[in-house]
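Novice: sequence and predicted structure below; questions after.
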Amino acid sequence: MRFFFQAMVRDGYGRAVPAATVTVYLAGTTTPAKIYAASAGGAAIAGAVVTGDPSTGYFGFWVDVADYPTSQLFKVISSAANYQYPIAQITWDNIPIFPSVVMVAAPSTATSAGQVGQIAFDATHFYCCIATNSWVRATMAAW
C-alpha cells in the first residue's frame, strides 16, 4: 500500500516556486528514499528526485509501506535553479508520511509478518501488531 505526500515549494515571500527540484531522503541521512510516481505499479523514481509543477510549485510522490516501517520519517530538500528571487536549498526533516495506524490483511498466525501500527480484522477477530512480527487479537462479538 502506498501513501501520498504533496507540498508546495515557496520562496521567502510566500510565492510558489515553479519547477523546483525536490529530493527525498530518509530522515537525518543522505540516503535517497524509495519513492514512486503512482499509487501502484511502476519502478521507484531514480535518485528520489521529483520536479514541482511549472505553474503552481506543487510536488508529490508516493511511499510504499512494503519498503519501510510505518515509523520511518523522511527528509525533503528543495532547490530551484535560475529562480528570479534568492532561494537557498530548503530542507524539511523528520516528515511523517505514513499514518500512525495502517490497515492490512488479517495475519494467519501470531508471528506473521507485521510492523507496529498495523491493524486488521476478519469475520471473527480484530488484530493489532504490537511489535515486529507479533500480533494480538480480540474476538468480535455482539454486546
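Specialist: Nice, I can see it. Numbers count the residues shown, from 1 in each chain.
Novice: where in the protein is pLDDT low?
Specialist: Applying pLDDT under 70 to the chain flags residues 82-88.
Novice: please parse it into its domains.
Specialist: Here the domain assignment for the chain is 2-96, 102-139, based on automatic domain parsing.
Novice: okay if I get those as JSON lines plus mean neighbour count?
Specialist: For glycine as for every other residue, the C-beta is placed from the backbone atoms N, C-alpha and C. Shown next, in JSON lines, are the domains of the chain (neighbours: other CB atoms under 10 Å):
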{"stretch": "domain 2-96", "mean neighbour count": "15"}
{"stretch": "domain 102-139", "mean neighbour count": "14"}
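Novice: quick one: the residue most central in space within the chain and Gly52, what's the gap?
Specialist: Central residue of the chain (CA atoms, centre = their mean): Ile97, 3.6 Å from the mean position. Distance, Ile97 to Gly52, by CB to CB, to the nearest Å: 17 Å.
Novice: please apply the same query to Val104.
Specialist: According to CB to CB, Val104 and Gly52 sit 32 Å apart.
Novice: likewise Asp11?
Specialist: As judged by CB to CB, Asp11 and Gly52 stand 12 Å apart.
Novice: and for whichever strand or helix holds Gln6, what's in contact with it?
Specialist: For Gln6, the host element (DSSP states H and E) is strand 2-8. Contacts with strand 2-8, where a contact means CB atoms under 8 Å, 6 or more residues apart in numbering, come from 16, 36, 38-40, 52, 56-65, 74, 76, 92, 95, 97-99.
Novice: what pairs with it, parallel or antiparallel?
Specialist: Applying DSSP bridges to the sheet, strand 2-8 is found paired with strand 58-64 (antiparallel).
Novice: beyond the strand it pairs with, next helix or strand please.
Specialist: Once strand 58-64 ends, the next helix or strand along the chain (criterion: DSSP H and E) is strand 73-79.
Novice: centre of the chain to that following strand, how far?
Specialist: Relative to its chain's centre, strand 73-79 lies at 12 Å (CA atoms, centre = their mean, to the nearest Å).
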